[in-house]
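Asks: Below is the sequence, then the predicted model.
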Amino acid sequence: MPPAIINFSRHCNIVFYRALAGVKAESRQNYLGYFWYLLEPVLSTVILYLAFSKVMNRGGADYVMFLLVGLTTWQWYEGACLQAAVSLKAKLHILQHFDLPKFLFPLVSVLVSTWKFFCVTGVVVTSLMVIGHRPGLNYLSLPAIFGCELLLILSVAVPLAVIVTYVNDAMTLATSSFRILFFVSGIFFDTDKVPEAQRVWFYANPIAGIIESFRNVLLKDLPPNWPVLLRGAGQSAIILALGLWLCHHVNRRIMKHVAP
Amino acid sequence: MSHPEPVPLISLRHVGLAYANPLTRFAPAKDGRVHALHDVSFDVFEGDKLGIIGRNGSGKSTLMRILARIYDPDAGSVHFTRKIHLQMLSLGVGFEGTLTGRENAVLNGMLLGKSRAHMLGRLESIKEFSELGDFFEMPVATYSSGMVLRLGFSVAMETDPDVLLIDEVLGVGDASFARKSQDALVARFSSRLTVIMISHDPGVISKFCNRAVWIEQGRTKMDGLPVEVAAAYLQASNGG
């Protein structure tokens, strides 16, 4: 087998084993273990429901599911990116001893968050079926929406992990940016509430189109917003390529610059 | 008939490296950098047992990391004649507390450059050498520090590198395991394996190595037979 394939397979296995450790660690840190995966979006949903059901003049089970789908999608994005942002900095002691590609560490964080997202999404979809949302043909587009969000997460996570390792302030900036994005990504309001003139700005934030697409499929049996989704995927692919180049560029330099 | 000149496995020429100073990392001038190596040159031949000796802060560990390809040098060159698997003897680094000894053995072996299949095939030898017994199936978070070192050492002995890089460590664990681990390392010194060991103990270098390089303030001070290099180093250390 060519050495490149052997190395690729080794890197995949390292990511898998470290992600397995991450999943086990998360469950053992709390008494409620894996139950927190679901409890976290449910608690946020309850809070947002209480806060916004009056403002939006909406209520009932449908608004709960509307919020839950939005929050689950958002928490995967935010959780994966912010955990990945510190993943490289937290493992500098390992990188002092092993010659490893730097993108492996954000990948581990993204994989752990993705596992959580799958668990929660399984419960959300089951709940939707229980309250009468039958899966339609549009469910076939779910893997594509999932792929677009994963690409978006990786495009943020990989370069951010390198930047935060060099400049700690970038973490504060990232956290503040996510706080702002939370309010403008359509988590607790529908896209049609956004004035037509503002839509171009609204969709400039790729997670907004992804949240809308998940809701279209899961709650309305409509197709995803393909143009917005594909434009976001294209932008994410370009940024991810730049992020991977950055990782390659700093690979044997970063430890000289930020040695622990 | 003349013998052809042996080709070095690794060649270092005028290698220099400086660490960034966190306070002046983004300053336009690079004056704030901490120079660990200025000008280091030597060759490593296949099967060499090379000792690198020097005082604390002379740049030995930085040199080791350049050889392990963790840093690229800022100046000079490091040339590897062919693609080789270098391994630093880093015991227990990268272990995950929530994974079992068995899972960590595979993970650590992969971090050291081996494939998962290779490590799966060596698990029973690792379990036996480490003497961990049933603890091998327990999370590493339940291990004592000695047990972590035993597992780390046992994994390192099953990864078959082309070049082994040793930073002072010669034996780990309690008295009996320290003897056993030292014997295992001495066996590597007696084999055809290429070993590069750093130490500030001239006795260790003289005992185990066939060549020695003395590094002083980031520069190659002397390259030769261990007994001669050790004697010169001792004399300099004693102010002679």
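Replies: Perfect, thanks for sending it. Residues are numbered from 1 along each chain as shown, chains lettered A, B, ... in the order given.

Asks: Tell me the residues of chain B that contact chain A?
Replies: Within chain B, the residues that sit near chain A (C-beta under 8 Å from any C-beta of the partner chain) are B:17-20, B:22, B:25, B:65, B:68-72, B:74, B:83, B:88, B:90, B:93-94, B:96-99, B:103, B:106-107, B:110-116. Where C-beta positions appear, they are placed from N, C-alpha and C, glycine not excepted.

Asks: Determine how far the worst-scoring helix or strand of chain B on mean pLDDT lies from the middle of the whole chain.
Replies: Every helix and strand of chain B was ranked by mean pLDDT, DSSP states H and E. The lowest is helix B:175-190, at a mean of 87. Put simply, helix B:175-190 sits 16 Å off its chain's centre (C-alpha atoms, centre = their mean, to the nearest Å).

Asks: and what of stretch B:174-187?
Replies: Mean-position distance between stretch B:174-187 and its chain equals 17 Å (C-alpha atoms, centre = their mean).

Asks: follow-up on the earlier one: what helices and strands are in contact with the least confident helix or strand of chain B?
Replies: On a contact count with 3 or more C-beta pairs under 8 Å, 6 or more residues apart in numbering or on different chains; DSSP states H and E, helix B:175-190 meets helix B:145-156.

Asks: chain center to the helix it packs on, what's the gap?
Replies: Remark: helix B:145-156 is offset 16 Å from the chain centroid, using C-alpha atoms, centre = their mean.

Asks: Also stretch B:84-91?
Replies: On C-alpha atoms, centre = their mean, the centre of stretch B:84-91 falls 6 Å from that of its chain.

Asks: now swap in stretch A:194-205 and tell me
Replies: Relative to its chain's centre, stretch A:194-205 lies at 21 Å (C-alpha atoms, centre = their mean).

Asks: ok, and for it, which residues are buried?
Replies: Across stretch A:194-205, burial judged by 16 or more other C-beta atoms under 10 Å in any protein chain shown covers A:194, A:202-203, A:205.

Asks: okay, how far is it across it, tip to tip?
Replies: This stretch, stretch A:194-205, spans 13 Å end to end (C-alpha to C-alpha, to the nearest Å).

Asks: any idea how far residue A:254 is from residue A:31?
Replies: From residue A:254 across to residue A:31, the span is 38 Å (C-beta to C-beta, to the nearest Å).

Asks: out of these two, which sits in the busier spot?
Replies: residue A:254 (22 against 7; other C-beta atoms under 10 Å in any protein chain shown).

Asks: I figured the more buried one was touching residue A:162, is that so?
Replies: Yes - the pair residue A:254 and residue A:162 passes the contact test of C-beta atoms under 8 Å, sitting 7.2 Å apart.

Asks: Between those two, which contacts overlap?
Replies: Counting by C-beta atoms under 8 Å, 6 or more residues apart in numbering or on different chains, the shared contacts of residue A:254 and residue A:162 are A:88, A:102.

Asks: Drop anything exposed from the residues of chain B next to chain A.
Replies: Those of those that meet the buried threshold are B:17-20, B:65, B:68, B:70-71, B:74, B:88, B:90, B:93-94, B:96, B:98-99, B:103, B:106-107, B:110-116, by 16+ other C-beta under 10 Å.

Asks: Return the subset of these lying in helices.
Replies: Of these, the ones assigned to helices by DSSP state H are B:65, B:103, B:106-107, B:110-111, B:116.

Asks: Just flag the most distant two among those.
Replies: B:65 and B:103 (27.1 Å; C-beta to C-beta).

Asks: okay, the angle between the least confident helix or strand of chain B and helix B:145-156?
Replies: Helix B:175-190 and helix B:145-156 meet at an angle of 20 degrees, taking axes from the mean of the first three to the mean of the last three C-alpha atoms, to 10 degrees as the criterion.

Asks: Can you list the strands that the helix or strand just after helix B:175-190 pairs with?
Replies: For helix B:175-190, the following helix or strand on the C-terminal side (DSSP states H and E) is strand B:194-199. Partners of strand B:194-199 in the sheet, by DSSP bridges, are strand B:49-53 (parallel), strand B:163-167 (parallel).

Asks: mind checking how far the first one is from the chain centre?
Replies: It refers to strand B:49-53. Mean-position distance between strand B:49-53 and its chain equals 10 Å (C-alpha atoms, centre = their mean).

Asks: Need the residues that contact it.
Replies: For strand B:49-53, contacts defined as C-beta under 8 Å, 6+ apart pick out B:42, B:44, B:60, B:63-64, B:189, B:194-200, B:202, B:204-206, B:208-215, B:226, B:229-230, B:233.

Asks: Please spell out the ChimeraX selection for the buried subset of these.
Replies: The ChimeraX selection below is limited to those of these classed as buried (16+ other C-beta under 10 Å):
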select /B:42,44,60,63,64,189,194,195,196,197,198,199,200,202,204,205,206,208,209,211,212,213,214,215,226,229,230,233
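
Asks: so how far is chain A from the residue nearest the centre of chain B?
Replies: Centroid-nearest residue in chain B, with C-alpha atoms, centre = their mean: residue B:165, separated by 2.3 Å. With distances taken as C-beta to the nearest C-beta, to the nearest Å, residue B:165 is found 10 Å from chain A.

Asks: And for residue B:147?
Replies: 18 Å.

Asks: show me what contacts that residue?
Replies: B:130, B:132, B:135.

Asks: need the contact list for the spatially closest residue to the first one that is not a sequence neighbour.
Replies: Counting by C-beta to C-beta, 6 or more residues apart in numbering or on different chains, residue B:130 lies nearest to residue B:154, which is 3.9 Å off, once chain neighbours are set aside. For residue B:154, the residues meeting the contact criterion (C-beta under 8 Å, 6+ apart) are B:105, B:125-127, B:129-130.
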